[in-house]
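Participant: Sequence plus the predicted model coming up.
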Amino acid sequence: MRYRQLGDSQLEVSEICLGTMTFGQQNSEAEGHAQLDRALDYGVNFIDTAEMYSIPPRNETYGATERIIGNWLAKSGKRDRIILASKVVGQADWLPHIRDGKACLNRANIEQAIDGSLRRLQTDYLDLYQVHWPDRQTNFFGKLGYQYPAESPPASLEETLSALGGLVKAGKVRYIGVSNETPWGVMEYLRLSDKFGLPRIVSIQNPYNLLNRSYEIGLAEISHREQIPLLAYSPLGFGVLSGKYLDHKPEKARLSLFDSYKRYSTVNGVAATREYVELARKYGLSPAQMALAFVNNRPFVGANIIGATNLEQLQENLKSIELVLPEQLLDEIEAIQQRYPNPCP
């Protein structure tokens, strides 16, 4: 395993982070604990979760992932060996089971959310606490184009950042980050930090994979110049880039179980995936490992958030850290990207 400093924080995180959103729905508690054990054995020290998990979100499984991780922490006694990250939901009137559908990023919601996460995780603090998505209407969650909003957000970025700063001051959170954020949003957080002497964000958790490289357009330069690395989620595009969905839908796979996850199944997305899979096989590589290795070695990536539903998948994904892609293969990846530029926003 390799490790990187997360921004200007004191956190040294493994370049592969274990994503856990399947714990409590696709994976049982025992399976989740087995994944945590296997990841730590491989050198992973970075665990990412969220109050909303497991996925897809519903009342019966709200907070289930955090509870499973909390039980593992209590049983294993390994809290001091991991860097633990979670997230607070943004405006979520479409999630009536979270704070009666009134969740947003004001102070009251953030304080209620962190206390719930700490209780479920059975810990006194989080190493990284992230805003899961913005309150304001903007282009995230598969929206490539910006739509001019008709309404103002329920909480300003200043109030959100001030509330997060209060958590840092209280010792409940060590560092803060954002997720599903835009270039304007990141720069506004930085401006407000400088203006009011509030904590600076140390990470950006956004989607990034061979089918969606939109991060490179505006945010990659911010990562470089402001030293705020990407925590890349969906590096396999919901598993699509493994190639397993090209000609059929395997039983118990996410896209077989949950029809709503269609972001990476566009016509051009399927065509591009087929070319990436063929390219990997041409070089004698696992398509999943090639896709993950591409993300692992991008200069603006601080950690690659992998997920799995069984230990075999997890082991294959973990071993991607050992793979360095040759220049000729990278050139061929760029050629595919030119033919199918960001087919899945």
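Facilitator: Sure, I can see it.
Participant: C-alpha only now, for contacts and for neighbours.
Facilitator: Will do.
Participant: Residue 212 contacts residue 344, doesn't it?
Facilitator: Yes: using Cα atoms under 8 Å, residue 212 is in contact with residue 344, at 5.5 Å.
Participant: More neighbours: the two, which one.
Facilitator: residue 344 (25 against 21; other Cα atoms under 10 Å).
Participant: any idea how far residue 313 is from that one?
Facilitator: Relative to residue 313, residue 344 is positioned 23 Å away (Cα to Cα, to the nearest Å).
Participant: same thing with residue 212?
Facilitator: Per Cα to Cα, residue 212 is found 22 Å from residue 313.
Participant: With residue 202 instead?
Facilitator: With distances taken as Cα to Cα, residue 202 is found 30 Å from residue 313.
Participant: Next: residue 19.
Facilitator: 13 Å.
Participant: all helices for the stretch 201-345 of the chain, in order.
Facilitator: Counting by DSSP state H, counting those that start in this stretch, the stretch 201-345 of the chain has helices at residues 215-226, 254-257, 267-282, 287-296, 311-318, 327-339.
Participant: Would you mind giving the ones you listed as JSON lines with distance to residue 108 and mean pLDDT added?
Facilitator: Shown next, in JSON lines, are the helices of the stretch 201-345 of the chain (distance: least, Cα to Cα, whole Å; pLDDT from 0 to 100):
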{"stretch": "helix 215-226", "distance to residue 108": "30", "mean pLDDT": "97"}
{"stretch": "helix 254-257", "distance to residue 108": "34", "mean pLDDT": "62"}
{"stretch": "helix 267-282", "distance to residue 108": "41", "mean pLDDT": "97"}
{"stretch": "helix 287-296", "distance to residue 108": "37", "mean pLDDT": "98"}
{"stretch": "helix 311-318", "distance to residue 108": "38", "mean pLDDT": "97"}
{"stretch": "helix 327-339", "distance to residue 108": "44", "mean pLDDT": "98"}
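Participant: in the protein, which spans are strands?
Facilitator: For the chain, applying DSSP state E gives strands covering 3-5, 12-14, 16-19, 46-48, 83-88, 126-131, 173-179, 201-207, 230-233, 301-306.
Participant: can you list those strands in CSV and add distance to residue 69 and mean neighbour count?
Facilitator: Converted to CSV, the strands of the chain look like this (distance: least, Cα to Cα, whole Å; neighbours: other Cα atoms under 10 Å):
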stretch, distance to residue 69, mean neighbour count
strand 3-5, 22, 16
strand 12-14, 18, 20
strand 16-19, 11, 26
strand 46-48, 9, 23
strand 83-88, 10, 23
strand 126-131, 13, 24
strand 173-179, 17, 24
strand 201-207, 20, 25
strand 230-233, 19, 26
strand 301-306, 16, 27
